[in-house]
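A.B. asks: Predicted structure and sequence below. I'll ask about it afterward.
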Amino acid sequence: MPSSVIRFFRYLPDTRELKVTFVSGRIYVYEDVPPEVAAAFRNAFSKGTFFNHEIRDRYAYRDITHADVG
């Protein structure tokens with residue numbers, strides 16, 4: 001999944017959360033993301049472009065960059 005902006009992402013279907021780790025090191029969790037959007041994101045040729053058009057500013061999110069995730 002080469003991307004100049006997104007390092008990694010994981011979708012949790014049970015909670016409909018999309019966790020995105022950016023190349024900058026920032027980590028965000030996007031809430032209530034439909035499974036079809038997550039699947040389209042996974043299959044998108046350009047992850048950054050898809051993210052900017054279909055996810056960013058469309059779903060509530062929280063910054064967990066420095067959260068104690070256990």
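C.D. replies: Sure, I can see it. Computed from a prediction, not measured in an experiment: that's the story for all the values here.
A.B. asks: Rounded mean pLDDT for stretch 17-24, please.
C.D. replies: Across stretch 17-24, pLDDT averages out at 96.
A.B. asks: in what helix or strand does the residue nearest the centre of the chain lie?
C.D. replies: With distances taken as CA atoms, centre = their mean, the residue of the chain nearest its centroid is Val20 (3.5 Å). If you go by DSSP states H and E, Val20 is part of strand 17-22.
A.B. asks: Which residues does the next helix or strand after that strand contact?
C.D. replies: Of the helices and strands lying after strand 17-22 in sequence (DSSP H and E), the nearest is strand 27-30. When contacts are defined by CB atoms under 8 Å, 6 or more residues apart in numbering, strand 27-30 is touched by residues 17-22, 55, 59-65. To be clear about C-beta, it is placed using only N, CA and C from the backbone, and glycine gets the same treatment.
A.B. asks: Buried among those residues? Need that as a selection in ChimeraX.
C.D. replies: The ChimeraX selection below is limited to those of the contacts of strand 27-30 classed as buried (16 or more other CB atoms under 10 Å):
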select :17,18,20,21,22,55,59,61
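A.B. asks: which one of the contacts of strand 27-30 is nearest Ala38?
C.D. replies: Leu18 (5.7 Å; CB to CB).
A.B. asks: how far does stretch 9-29 stretch from start to finish?
C.D. replies: End-to-end distance for stretch 9-29: 10 Å, by CA to CA, to the nearest Å.
A.B. asks: what's the offset of that stretch from the middle of its chain?
C.D. replies: Here stretch 9-29 is found 4 Å from its chain centre; the criterion is CA atoms, centre = their mean, to the nearest Å.
A.B. asks: Now do the buried residues in it.
C.D. replies: By neighbour count with 16+ other CB under 10 Å, stretch 9-29 contains the buried residues Phe9, Tyr11, Arg16, Glu17, Leu18, Val20, Thr21, Phe22, Ile27, Tyr28, Val29.
A.B. asks: and which of those is nearest to Ala39?
C.D. replies: Nearest to Ala39, judged by CB to CB, of the buried residues of stretch 9-29 is Tyr11 at 8.2 Å.
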